[in-house]
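**Q** Kindly return the folded structure for what I paste below:
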Amino acid sequence: MVPTPSADTFAALARSSPWRWSTLRFTVRWPGDRRKTGALRARLRRPDVLRVEGLDGGLVQIVREPPDVRRAVPVLRPDGLVASRPAPWASGTDAPMHQDYHWVAMLDPAELAGVDAASVTEVSHHGRSAWEAVVSDAPSYEPRCGCCPLLHTRRIDLLEYAGSPARVPPACAAAFRVRLDVGTGVCVLTEEIDGPTPGKGHDLRIEAVDEPMADDLFAPPRRGLSR
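**A** This next block holds a predicted model:
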């Protein structure tokens, strides 16, 4: 059964990513983000290893995390997407992290199941089928980490920085364009539509899914080779 894009199936796809792929090779950039100015290429093999490089092939980071053998088992819908998960961030679902939890949320965008989604359509994103939606904040939107959410909203800022109100910007975007890759459930695009920084977000290009990845790719670098 092939799901039809809608607000309901968009939310289900957002919950599904950890069970739709085992290895992923991709590039990602962050348009409009002054803190993240360089594009990266990554190779990730679930559940525990990640290699991050610059586009020139220079090694940035090798991440090796102890694998969590407790594998969360979701409840599936008839269309194969995830109806519910044992917990929002159940043990064994996180991919290895680079820099912050925004990275983790791109690869497992379960938090987007809680947004208000409108105008869900099928589009092509770097040659792959994706579902695009215009979304806005909702009380049910609960990011993986309040300081680095997929969607930077004023409500989340006020919650995250309740003890430091000076850190809350005077305005944030109210509407966002987001895309989920249909094959993997990965969030391949976020883009602020309005607010003080329109266009800000991330753009992820999937290059390969479930390709074999040898252990040598994730070997600890020799001294002086990583930066």
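**Q** any idea how far the nearest residue to residue 85 once chain neighbours are set aside is from residue 147?
**A** With CB to CB, 6 or more residues apart in numbering as the criterion, residue 85 has its nearest non-adjacent residue at 5.0 Å, and that residue is residue 74. (Glycine included, C-beta is placed from N, CA and C.) Per CB to CB, to the nearest Å, residue 74 is found 27 Å from residue 147.
**Q** try residue 73
**A** Counting by CB to CB - residue 73 and residue 147 are separated by 30 Å.
**Q** Between those two, point out the one with more neighbours.
**A** Set residue 73 next to residue 147 and count neighbours by other CB atoms under 10 Å: residue 147 wins out with 14 against 10.
**Q** Phi first, then psi, for the more buried one.
**A** Backbone geometry at residue 147, expressed as degrees, to the nearest 10, gives phi -90, psi -10.
**Q** if I look at it, how far off is residue 99?
**A** 12 Å.
**Q** Likewise for residue 17?
**A** Counting by CB to CB, the gap from residue 17 to residue 99 is 19 Å.
**Q** These two: which has the busier surroundings?
**A** Each of residue 17 and residue 99 has its neighbours counted (other CB under 10 Å); residue 17 has more, 23 against 14.
**Q** Quick check, that one in contact with residue 107.
**A** Yes. Using CB atoms under 8 Å, residue 17 is in contact with residue 107, at 6.4 Å.
**Q** So residue 113: helix, strand or coil?
**A** Three-state call for residue 113 (DSSP: H, G, I helix; E, B strand; the rest coil): helix.
**Q** Below-threshold pLDDT in this protein: ranges please.
**A** 1, 67-70, 88-92, 223-227 (pLDDT under 70).
**Q** any idea what sits nearest the residue sitting nearest the centre point of it, other than its immediate chain neighbours?
**A** Among the residues of the chain, the one closest to the centroid is residue 106, at 0.7 Å (CA atoms, centre = their mean). Nearest non-adjacent residue to residue 106, counting by CB to CB, 6+ apart: residue 187, 5.1 Å away.
**Q** Residue 51 too?
**A** Per CB to CB, 6+ apart, closest to residue 51 is residue 43, 4.6 Å.
**Q** Report the contact partners of the one you found.
**A** By CB atoms under 8 Å, 6 or more residues apart in numbering, the contact set of residue 43 is 23, 24, 25, 50, 51, 213, 217.
**Q** For the helix or strand the third one falls within, which residues meet the burial criterion?
**A** Read it as residue 25. Residue 25 is part of strand 23-29, with elements assigned from DSSP states H and E. Residues 24, 25, 26, 27, 28, 29 are the ones in strand 23-29 that count as buried (16 or more other CB atoms under 10 Å).
**Q** What strands line up against that strand, and which way round?
**A** With DSSP bridges as the test, strand 23-29 is paired with strand 40-45 (antiparallel), strand 201-209 (antiparallel).
**Q** now the last one, how far from the chain's geometric center?
**A** It refers to strand 201-209. How far strand 201-209 lies from its chain's middle: 10 Å, per CA atoms, centre = their mean, to the nearest Å.
**Q** quick one, helices of the chain?
**A** 7-14, 101-107, 154-160 (DSSP state H).
**Q** Can you lay out those helices as TSV showing distance to residue 81?
**A** Shown next, in TSV, are the helices of the chain (distance: least, CB to CB, whole Å):
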stretch	distance to residue 81
helix 7-14	4
helix 101-107	17
helix 154-160	26
